[in-house]
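**Student:** below: sequence and its predicted model.
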Amino acid sequence: AQTVTQSQPEMSVQEAETVTLSCTYDTSESDYYLFWYKQPPSRQMILVIRQEAYKQQNATENRFSVNFQKAAKSFSLKISDSQLGDAAMYFCAYRSARRAGNQFYFGTGTSLTVIP
Amino acid sequence: KAGVTQTPRYLIKTRGQQVTLSCSPISGHRSVSWYQQTPGQGLQFLFEYFSETQRNKGNFPGRFSGRQFSNSRSEMNVSTLELGDSALYLCASSPSRDSGELFFGEGSRLTVL
């Protein structure tokens, strides 16, 4: 079974600074998708960024970018110019591209605090 | 377009009771998945429904069950509640089984006393 590990339960960053959240995963598959989801306090979880494993280019979405290292099975999220609204729980997730269905494997999350 | 709606948002039950949670997906979405979220465990997949059929099931006991109706709305049921069932139950919908993105509701927070 696939496992996703987030080794940083909590992180903090100064407003306007850059922070990197770590994620590693374990799989024997070659085709898969990786995601970062954001869960603000008492609000619904939303997709931040998505990466297809077959793409070598790292995905970016405005201030959010990833460092995808397929051989190392590492998928970190970089948040640039951090804003107060970035404070949330961040979950890394994996989904097989070979098996049909929406069974995602999530890490345990990293709680990000943004300091004004 | 309305998002994923889950009801009730909060509920308290006692051990041994059963509970039913409801999820209305985004209009047009046919896949509904359920996840259990607990501190330290993250999100764990319960099951996925598509076209009124359970397609995938996670590693949970048979006390956890669900169904999907013809309008794609879904319910999950937990029978003989245990203290360890206290969690945030999240519903997520997708347009299809291969869309690659989940759209989450705000969750139903269950407390078992």
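**Tutor:** Yep, it's here. This one's a predicted model, so the numbers in the text were calculated from it and none came from an experiment. Residues are numbered from 1 along each chain as shown, chains lettered A, B, ... in the order given.
**Student:** please name the nearest non-neighbouring residue to the residue most central in space within chain B.
**Tutor:** Centroid-nearest residue in chain B: B:Trp34, 3.3 Å away (criterion: Cα atoms, centre = their mean). Excluding the flanking residues, the one nearest B:Trp34 by Cβ to Cβ, 6 or more residues apart in numbering or on different chains is B:Leu46, at 4.1 Å. Every C-beta, even on glycine, is put in place using the N, C-alpha and C of the backbone.
**Student:** count the residues that sit near that neighbour.
**Tutor:** The tally of other residues near B:Leu46 (other Cβ atoms under 10 Å in any protein chain shown) stands at 23.
**Student:** for the one 10 residues further on, same thing?
**Tutor:** Residues contacting B:Asn56 under the criterion other Cβ under 10 Å number 17.
**Student:** at which residues are the strands of chain A located?
**Tutor:** For chain A, the strands defined by DSSP state E cover A:3-5, A:10-14, A:19-21, A:24-26, A:32-39, A:46-52, A:60-61, A:64-69, A:74-79, A:88-96, A:105-106, A:110-115.
**Student:** and these: which comes nearest chain B?
**Tutor:** strand A:105-106 (4.0 Å; Cβ to the nearest Cβ).
**Student:** just to revisit the earlier point, okay, the strands of chain A in TSV with mean neighbour count and distance to chain B next?
**Tutor:** Converted to TSV, the strands of chain A look like this (neighbours: other Cβ atoms under 10 Å in any protein chain shown; distance: least, Cβ to the nearest Cβ, whole Å):
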stretch	mean neighbour count	distance to chain B
strand A:3-5	16	8
strand A:10-14	14	12
strand A:19-21	19	14
strand A:24-26	16	13
strand A:32-39	23	5
strand A:46-52	17	6
strand A:60-61	12	13
strand A:64-69	18	15
strand A:74-79	21	15
strand A:88-96	22	6
strand A:105-106	22	4
strand A:110-115	17	10
